[in-house]
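**Q** Below are the sequence and a predicted model for it; my questions follow.
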Amino acid sequence: MRLLRYLALFLSVFFYVGKSANACDGFQVNTISTTYIGGGVYEVTIEYCEEVSNGAGASVHGVLAIINGANIISTSTPSITSAATGVTMNYNQLTANTAEWGDWDNDGAPIFMDDGDPQECFTLVLQVDAQPTSVTFSGSSNSTAVGSGFTLLNGRWSCNETVNFPPPTCSASWTAPDVCRGGGPVDLNATTTGNGTFSGPGVNSATGMFDPTGLTGNISVTFTVGDALFNCTETQVIQIIDLDPGLVDATICDGDCVQFDATVVGAGNTTDCIYTLLLEDSGSDGWGAA
């Protein structure tokens, strides 16, 4: 028997990783994870190893996966073969949420791996129709309890582990940038760590570029993560910052004293905004000295 440490792994928007289990009769679950792959489909990945065991435990005739809270659609692992024994275990879906490789509850089935065989590791992948609430995975099983760590599952004594998963979460967080009137396009992809689509006035949804040309004031832009079956959105306001000196179409004569009343239109900062004030000599008689 070997003790497998609990691994704390990263949890992201659509990717969930369960904790590893204690080895039982050489059966060691490394990780059980779920990933949302789109279209309402989640992928369950089970990574496990058969360790060298010299105990009197059960031989491995098959492995069993129970997907709680979801139905199995298909598998990307139709079979697995032991390099040590040459025995192949084929996939077989038993119920809407249960599948096995080999013949998990048949003591007379071919032995996939047994005590003394070298370590081998395997990856099993299932596609399911929802985020599972938990996944139970079982290896060695027997009609009677034959060693430490065996627990009763579906009428059999087996080495098994259950991993619970939180409800799926979604984050469309982003930060609206400061945009200067008359400035060039801004890459909105740089405002978020998520993968999604921006939409709104001035936005090229295909590239995530925002072009402020012809826009003024407050512009509502939405960032969407996910698809039609699982998504979240966040809308923020991009303010088009404009410097208004208060002299539009003003008439200034020679000798006039002009006070520039420049105000910032917009609540953002103007650190990167550069404006030029153009004074036109409409009379073409030159500018006199003050």
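**A** Looks like it arrived, so ask away.

**Q** Buried residues, the longest strand along the chain. List them.
**A** If you go by DSSP state E, the chain has its longest strand at strand 230-244. Across strand 230-244, burial judged by 16 or more other C-beta atoms under 10 Å covers Phe230, Cys232, Glu234, Gln236, Ile238, Gln239, Ile240, Ile241, Asp242, Leu243. Just so you know, the C-beta spots here come from the backbone N, C-alpha and C atoms, and that holds for glycine as well.

**Q** Can you convert those into TSV and add a column each for distance to Asn218 and pLDDT?
**A** Shown next, in TSV, are the buried residues of strand 230-244 (distance: C-beta to C-beta, whole Å; pLDDT from 0 to 100):
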residue	distance to Asn218	pLDDT
Phe230	30	85
Cys232	23	90
Glu234	16	95
Gln236	10	95
Ile238	7	94
Gln239	6	90
Ile240	8	89
Ile241	11	84
Asp242	12	77
Leu243	17	67
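
**Q** just checking, what packs against the longest strand of the chain?
**A** Strand 230-244 sits against strand 179-180, strand 217-227, strand 263-265, with contacts defined as 3 or more C-beta pairs under 8 Å, 6 or more residues apart in numbering; DSSP states H and E.

**Q** Need these in JSON lines (columns: mean pLDDT, distance to Gly194 and mean neighbour count).
**A** Output for the helices and strands packed on strand 230-244, formatted as JSON lines (pLDDT from 0 to 100; distance: least, C-beta to C-beta, whole Å; neighbours: other C-beta atoms under 10 Å):
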{"stretch": "strand 179-180", "mean pLDDT": "87", "distance to Gly194": "20", "mean neighbour count": "22"}
{"stretch": "strand 217-227", "mean pLDDT": "93", "distance to Gly194": "5", "mean neighbour count": "17"}
{"stretch": "strand 263-265", "mean pLDDT": "57", "distance to Gly194": "30", "mean neighbour count": "13"}
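
**Q** so which of those strands gets nearest Cys49?
**A** Cys49 sits nearest to strand 217-227 of all these, at 33.9 Å, using C-beta to C-beta.

**Q** So what are the sheet partners of that closest one and their directions?
**A** strand 197-199 (antiparallel), strand 230-244 (antiparallel) (DSSP bridges).

**Q** Mind listing residues that contact that strand?
**A** Counting contacts by C-beta atoms under 8 Å, 6 or more residues apart in numbering, the residues outside strand 217-227 that touch it are 13-14, 36, 38-39, 170-172, 174, 176, 188, 192, 194-203, 210, 212, 231-240.

**Q** about what we covered before: figure out which of the strands paired with strand 217-227 is closest to Ile111.
**A** strand 230-244 (41.9 Å).

**Q** Output the closest one as CSV, nothing but the C-alphas.
**A** The C-alpha coordinates for strand 230-244 follow below in CSV (Å, rounded to 0.1, in the frame of the first residue of the first chain):
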residue,chain,number,x,y,z
PHE,A,230,-23.0,28.0,-20.9
ASN,A,231,-21.9,31.6,-20.8
CYS,A,232,-21.6,34.8,-18.8
THR,A,233,-21.2,38.5,-19.8
GLU,A,234,-20.0,41.7,-18.3
THR,A,235,-20.8,45.2,-19.7
GLN,A,236,-18.7,48.2,-19.0
VAL,A,237,-18.6,51.8,-20.2
ILE,A,238,-15.7,53.1,-22.3
GLN,A,239,-15.5,56.9,-22.0
ILE,A,240,-14.3,58.8,-25.0
ILE,A,241,-12.1,61.4,-23.4
ASP,A,242,-12.2,64.9,-25.0
LEU,A,243,-10.4,68.1,-24.1
ASP,A,244,-12.8,71.0,-24.6
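
**Q** To Gln119, which of the strands paired with strand 217-227 lies closest?
**A** strand 230-244 (37.8 Å).

**Q** Just to check, Phe215 is in contact with Pro201?
**A** For residue 215 the amino acid is Leu, not Phe. Yes - applying C-beta atoms under 8 Å as the test, Leu215 and Pro201 come out as touching, 6.2 Å apart.

**Q** Just the pLDDT at Ser140, thanks.
**A** Confidence at Ser140, expressed as pLDDT, is 77.
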